[in-house]
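# Starting from these lines, generate the structure:
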Amino acid sequence: MNKIIINILFSINILIGAYSIFQSNIMVGFVYILLFISSSFLMVYSYCAKCISCETKCAHPQFGYLRKYLPKRKIEQYKAYDYLGVLLFIIIAIALPQYWLWKNNMLFVLYWIISIILAVGIGTKLCPKCENKFCKMNKYLSLNCK
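Coordinates of the predicted model:
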């Protein structure tokens with residue numbers, strides 16, 4: 001599984017979540033999309049902007065693309081507020097649509113099958129190739145940089 005497939009699956013998951021919300025309430029669906037976009041920029045600024053891989057070969061093209069439009073940050077250890085930006089993104093992108101997904105069994109199951117595939121793919125294909133020695137998700141380099 002390469003980074004293009006992982007990024008396509010991630011996009012499909014976000015669209016599944018948005019679709020499940022739009023089925024219930026169009027206005028809430030638009031709010032979700034706006035929150036997702038805003039939290040993406042927040043996550044990219046708080047986490048990706050400190051990543052050395054974004055300068056050379058970002059494993060997440062969607063986020064690497066967003067990073068080009070944000071101020072550069074010093075590459076250093078992540079702080080609590082950097083992790084908070086990632087946590088807010090996860091809450092908005094993944095946790096928020098669960099209420100609406102739960103109402104549609106097929107979408108809920110599909111969403112979580114894709115999520116499991118993504119978790120395995122990211123952990124086994126993207127993280128080990130990443131050059132960011134400060135990233136907690138990067139098991140390979142984290143173990144070898146201590």
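
# Pull out the buried residues from stretch 84-97.
Applying a neighbour-count criterion of 16 or more other Cβ atoms under 10 Å, the buried positions in stretch 84-97 are 85, 86, 88, 89, 92, 93, 96, 97. (Glycine included, C-beta is placed from N, CA and C.)

# should've said stretch 118-137
Going by 16+ other Cβ under 10 Å, stretch 118-137 has these buried residues: 118, 121, 122, 126, 127, 130, 131, 132, 134, 135.

# In which helix or strand does the closest residue to the first one other than its chain neighbours reside?
The shortest distance from residue 118 to any non-neighbouring residue, by Cβ to Cβ, 6 or more residues apart in numbering, is to residue 9 (5.5 Å). For residue 9, the enclosing helix or strand under DSSP states H and E is helix 3-24.

# now what about that helix, what contacts it?
If you take Cβ atoms under 8 Å, 6 or more residues apart in numbering as the criterion, helix 3-24 is touched by 28-29, 32-33, 36, 59-62, 93-94, 96-97, 100-101, 103-104, 107, 110-111, 114-115, 117-118, 121-122, 125-126.

# Quick one: name whatever helix or strand follows it.
Heading C-terminal from helix 3-24 (DSSP H and E), you reach helix 26-46.

# how close does residue 73 get to residue 84?
15 Å (Cβ to Cβ, to the nearest Å).

# one step back: give the buried residues for the helix holding residue 9.
Here helix 3-24 shows 3, 6-7, 9-10, 13-14, 16-22 as buried, counting by 16+ other Cβ under 10 Å.

# For these, could you give me TSV that also reports distance to residue 43?
Output for the buried residues of helix 3-24, formatted as TSV (distance: Cβ to Cβ, whole Å):
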residue	distance to residue 43
3	17
6	16
7	15
9	18
10	13
13	15
14	13
16	20
17	16
18	17
19	22
20	22
21	20
22	23
